[in-house]
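S.K.: Here is the input, now give the coordinates:
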Amino acid sequence: MAFISECEAGSLHISPEYGVVEMEDIDGNLELICTGLFNYGMPLVRYRTGDIVEQTSQQTCSCGRQLPMVKAILGRVDDRVVTPEGVKVGPAPLSLAFQSVPNLRDAQIYQESRTKIIIYISVTETFGQSDERFLLQELQKRLGYKLGIQLVRVENIPRTSSGKQRLIVSKLN
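M.R.: Reported below is the predicted structural model:
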């Protein structure tokens, strides 16, 4: 549907030859609405992707490309944690919190209120207190210290009907 890539200068360029990309304001967020140009079997026209981007004020890039740009890819409409202060944190920075945690297999963040999140974790047998403390520190770096964080060990993280694993499941409106 859309192809956005980072150039050597660090800018995020939209490739219009791949698809037509529109941005629509949805509750203060810019959602990508795309028309793909290569799927002849099932063309999608003005498809709401659920992907949220931040628009850039930058008009040109030092790399020389004349392609449209976005400032950042923030994640999906429903894939964000909201802190008690109202800060919305997407999956990109939160996935980094889990990457270097020893003995962690999988994780999923579940949020029903602005005051607390539950982190479902699937761990190895050697996952210990130091691993747990490290994970909590990494999450607090990204989410602050006012949000309650509860860790719950599970065998497996559930997948969607399409087989995907969601990092964040938010039940907030």
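
S.K.: wait, Gln165 sits on Arg159?
M.R.: Yes. Counting by C-beta atoms under 8 Å, Gln165 touches Arg159, with 5.2 Å between them. Bear in mind the C-beta positions are built from the backbone N, C-alpha and C, glycine included.

S.K.: Show residues contacting the host helix or strand of Asp131.
M.R.: Per DSSP states H and E: Asp131 is located in helix 129-143. With C-beta atoms under 8 Å, 6 or more residues apart in numbering as the test, helix 129-143 has contacts from 81, 83, 89, 93-94, 96-98, 100-104, 117, 119, 121, 123, 149, 151.

S.K.: Now the buried members of those.
M.R.: Burial by neighbour count, judged by 16 or more other C-beta atoms under 10 Å, picks out Val81, Thr83, Val89, Leu94, Ala97, Phe98, Val101, Leu104, Ile117, Ile119, Ile121, Val123 from the contacts of helix 129-143.

S.K.: least trustworthy helix or strand in this structure by mean pLDDT?
M.R.: strand 69-76 (a mean of 83; mean pLDDT, DSSP states H and E).

S.K.: Since that was my last question, I'll sign off now.
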